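Novice: this one's sequence-less:
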């Protein structure tokens with residue numbers, strides 16, 4: 001097995017917090033070992049990140065662009081290798097891993113194009129004074145990344161952070177540290193100065209908490225569960241850090257009676273079962289108009305049965321295992337509790353325990369029919385291949401059900417009525433709404449949530465605001481005496 005060390009100041013060094021194992025979700029066998037950081041390692045990472053920040057912020061813009069272009073090319077050249085590592089580590093189909101890494105590279109390329117376009121403005125002000133604003137990097141940014149899209153989400157955060165001139169400390173999830181450490185190698189090879197990119201590993205409740213509270217860290221960018229996001233806000237408040245949070249979701253998928261039924265079924269299957277449902281924006285609540293409910297449900301079940309579940313490295317696999325045994329058990333508990341509360345099991349609802357998949361964390365794509373929005377499976381984010389489906393009669397009822405959630409990350413509407421699409425889009429409290437297609441995360445377009453789904457927008461130019469401070473400069477250009485008190 002390969003052994004991965006933590007990455008500090010341009011070198012891979014031993015972590016002083018012990019050694020962990022990375023488990024393959026396909027068969028629950030170890031595939032690699034990794035070093036775990038302790039508090040002293042975090043202190044070192046912060047120390048060198050502060051030094052690296054001064055080097056990177058003062059690197060000429062054109063040179064910064066060339067270095068990041070080198071990184072983009074290295075990622076493309078190593079796509080197959082990194083995708084295989086990602087697939088083995090997370091359990092995602094190899095085709096999905098490649099697509100997600102390519103999407104991450106596209107995000108990097110988008111922000112490379114923004115490096116020399118981070119601009120200020122001039123603002124008319126008092127006579128004799130000239131004002132201009134400039135955008136400056138914040139400093140040391142802690143990028144805390146979840147396990148469901150390890151490298152892609154790292155690039156979502158790393159790209160604007162580096163484009164704006166910050167240094168970073170990446171903390172990947174303990175289940176999935178490998179692709180972030182592979183990325184560190186490529187950052188070094190691309191020519192990013194030592195200390196600008198650092199990668200430390202360790203449990204969120206110890207190493208993550210210590211990093212968030214560290215006085216040498218200026219900015220936290222976190223993607224993960226809402227409960228952890230709330231705790232990060234508390235910890236970061238002690239030093240008034242800049243914080244952006246992309247948190248949980250329980251997104252609605254509304255199918256009206258005039259929708260293209262074939263598109264709605266195909267898009268709805270993908271929107272919940274992609275990545276085995278382990279997506280914050282998964283459309284896990286399907287609301288269907290009463291007139292087409294039976295037909296939609298019948299076709300949705302038939303398409304769900306055709307999903308190709310299997311070994312992640314097989315190119316034809318569409319759905320792989322869940323990330324861990326622990327997570328699989330949690331998903332199943334939700335299903336059992338939902339059924340206890342009155343949900344009708346239409347399909348799935350159990351672990352796959354036969355053939356070559358029996359030793360892995362494979363869970364059948366699951367469909368639960370509900371007649372109440374009070375069911376736990378309607379309310380809570382399950383983060384697995386579990387969808388609930390309900391019928392509605394009026395547009396107002398659909399909107400009320402869609403908004404009946406503490407989350408507000410995404411939503412999808414299926415209708416051929418343009419006026420209705422605009423009305424419903426305006427009424428749903430969520431950060432991204434798609435109409436007649438399921439794609440939400442597109443480079444250049446803002447991605448983020450309302451309510452307890454977090455705040456701040458990634459993927460778009462909005463992220464420049466997240467990783468810079470705005471400075472106002474007020475310059476007196478006249479020869480008039482400066483004597484405000486007329487002394």
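Specialist: Received it, and whenever you're ready, just let me know what you need. All values reported here derive from a predicted model rather than from experimental measurement.
Novice: From here on, just use CA atoms for contacts and neighbour counts.
Specialist: Noted.
Novice: Tell me who's in contact with residue 443.
Specialist: Going by C-alpha atoms under 8 Å, 6 or more residues apart in numbering, residue 443 touches 103, 106, 107, 110, 459, 460.
Novice: same thing but 7 Å
Specialist: 106, 107, 110, 459, 460 (C-alpha atoms under 7 Å, 6 or more residues apart in numbering).
Novice: and what of residue 202?
Specialist: By C-alpha under 7 Å, 6+ apart, the contact list for residue 202 reads 36, 37, 174.
Novice: And for the closest residue to residue 88 other than its chain neighbours, the neighbour number?
Specialist: Nearest residue to residue 88 in three dimensions, chain neighbours excluded: residue 24, at 5.6 Å (C-alpha to C-alpha, 6 or more residues apart in numbering). By other C-alpha atoms under 10 Å, 23 other residues sit near residue 24.
Novice: Wait, residue 24 touches residue 85, no?
Specialist: No. Using C-alpha atoms under 7 Å, residue 24 is not in contact with residue 85; the gap is 10.0 Å.
Novice: related to what we said a few turns ago, please identify, among the contacts of residue 202, the one with the most neighbours.
Specialist: residue 37 (25 neighbours).
Novice: how near is that residue to residue 49?
Specialist: In this view, residue 37 and residue 49 are 16 Å apart by C-alpha to C-alpha, to the nearest Å.
Novice: just residue 433 next, same as before
Specialist: According to C-alpha to C-alpha, residue 433 stands 38 Å off from residue 49.
Novice: who has more neighbours, these two?
Specialist: Between residue 433 and residue 49, counted using other C-alpha under 10 Å, the more crowded position is residue 49 (30 against 23).
Novice: Next, please give the residue ranges for the strands of the stretch 251-400 of the chain.
Specialist: 252-255, 285-289, 344-347, 366-369, 386-392 (DSSP state E, counting those that start in this stretch).
Novice: Which element, helix or strand, includes the closest residue to residue 379 other than its chain neighbours?
Specialist: What sits nearest to residue 379 in space, not counting adjacent residues and going by C-alpha to C-alpha, 6+ apart, is residue 405, at 6.4 Å. Using DSSP states H and E, residue 405 is not contained in any helix or strand.
Novice: before we move on, the earlier item: take the strands of the stretch 251-400 of the chain and write them to TSV, including mean neighbour count, distance to residue 114 and mean pLDDT.
Specialist: Compiled in TSV, the strands of the stretch 251-400 of the chain are given as follows (neighbours: other C-alpha atoms under 10 Å; distance: least, C-alpha to C-alpha, whole Å; pLDDT from 0 to 100):
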stretch	mean neighbour count	distance to residue 114	mean pLDDT
strand 252-255	30	33	98
strand 285-289	24	37	98
strand 344-347	16	47	98
strand 366-369	22	42	98
strand 386-392	24	39	98
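Novice: Turn the ones you listed into JSON lines, columns for distance to residue 159.
Specialist: Formatted as JSON lines, those follow (distance: least, C-alpha to C-alpha, whole Å):
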{"stretch": "strand 252-255", "distance to residue 159": "30"}
{"stretch": "strand 285-289", "distance to residue 159": "32"}
{"stretch": "strand 344-347", "distance to residue 159": "41"}
{"stretch": "strand 366-369", "distance to residue 159": "36"}
{"stretch": "strand 386-392", "distance to residue 159": "32"}
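Novice: So for residue 465, which of those strands sits nearest?
Specialist: strand 252-255 (28.9 Å; C-alpha to C-alpha).
Novice: counting contacts, what elements does the closest one pack onto?
Specialist: Counting contacts by 3 or more C-alpha pairs under 7 Å, 6 or more residues apart in numbering; DSSP states H and E, strand 252-255 is packed against strand 285-289, strand 410-414.
Novice: what is the mean pLDDT for the helix or strand just after the last one?
Specialist: If you walk from strand 410-414 toward the C-terminus, the next helix or strand you reach (DSSP H and E) is helix 418-427. In this model, helix 418-427 carries a mean pLDDT of 98.
Novice: Check stretch 290-306 too.
Specialist: 98.
Novice: which residues sit against it?
Specialist: Contacts of stretch 290-306 (C-alpha under 7 Å, 6+ apart): 257, 265, 269, 391, 392, 393.
Novice: again, only this time at 10 Å
Specialist: Contact partners of stretch 290-306, identified using C-alpha atoms under 10 Å, 6 or more residues apart in numbering, comprise 255-259, 261-262, 264-270, 273, 286-289, 318, 346-348, 364-367, 369, 389-394.
Novice: how about the contacts of residue 202 in CSV, adding pLDDT and secondary structure?
Specialist: Shown next, in CSV, are the contacts of residue 202 (pLDDT from 0 to 100; DSSP: H, G, I helix; E, B strand; the rest coil):
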residue, pLDDT, secondary structure
36, 98, coil
37, 98, coil
174, 96, coil
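Novice: one step back: any residues in contact with both of residue 24 and residue 85?
Specialist: Taking C-alpha under 10 Å, 6+ apart as the criterion, residue 24 and residue 85 both touch 31, 91, 176.
Novice: Can you get me a residue count around residue 448?
Specialist: Neighbour tally, residue 448, other C-alpha under 10 Å: 23.
Novice: And residue 477, by the same measure?
Specialist: Neighbour tally, residue 477, other C-alpha under 10 Å: 10.
Novice: Is it in contact with residue 130, as I believe?
Specialist: Yes. Between residue 477 and residue 130 there is a contact at 7.1 Å, judged by C-alpha atoms under 10 Å.
Novice: For the residue nearest to residue 417 when sequence neighbours are not counted, give me its contacts.
Specialist: What sits nearest to residue 417 in space, not counting adjacent residues and going by C-alpha to C-alpha, 6+ apart, is residue 258, at 7.5 Å. Taking C-alpha under 10 Å, 6+ apart, we find residue 258 in contact with 289, 291, 292, 414, 415, 416, 417.
Novice: mind checking how far the host helix or strand of residue 44 is from the chain centre?
Specialist: Assigned by DSSP H and E, residue 44 belongs to helix 39-57. Centroid separation between helix 39-57 and its chain, computed with C-alpha atoms, centre = their mean, to the nearest Å, is 24 Å.
Novice: And the very next helix or strand once past it, what's buried?
Specialist: Using DSSP H and E, the helix or strand that follows helix 39-57 in sequence is helix 61-77. Across helix 61-77, burial judged by 16 or more other C-alpha atoms under 10 Å covers 61, 64, 65, 67, 68, 69, 70, 71, 72, 74, 75.
Novice: Please give me every residue in contact with the second one.
Specialist: By C-alpha under 10 Å, 6+ apart, the contact set of residue 64 is 56-58, 70, 112, 115-116, 162-165, 191-192.
Novice: can the residues you listed go into JSON lines with extra columns for distance to residue 310?
Specialist: Converted to JSON lines, the contacts of residue 64 look like this (distance: C-alpha to C-alpha, whole Å):
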{"residue": "56", "distance to residue 310": "44"}
{"residue": "57", "distance to residue 310": "46"}
{"residue": "58", "distance to residue 310": "49"}
{"residue": "70", "distance to residue 310": "35"}
{"residue": "112", "distance to residue 310": "37"}
{"residue": "115", "distance to residue 310": "42"}
{"residue": "116", "distance to residue 310": "45"}
{"residue": "162", "distance to residue 310": "38"}
{"residue": "163", "distance to residue 310": "39"}
{"residue": "164", "distance to residue 310": "41"}
{"residue": "165", "distance to residue 310": "43"}
{"residue": "191", "distance to residue 310": "39"}
{"residue": "192", "distance to residue 310": "39"}
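Novice: Cheers, nothing more for now.
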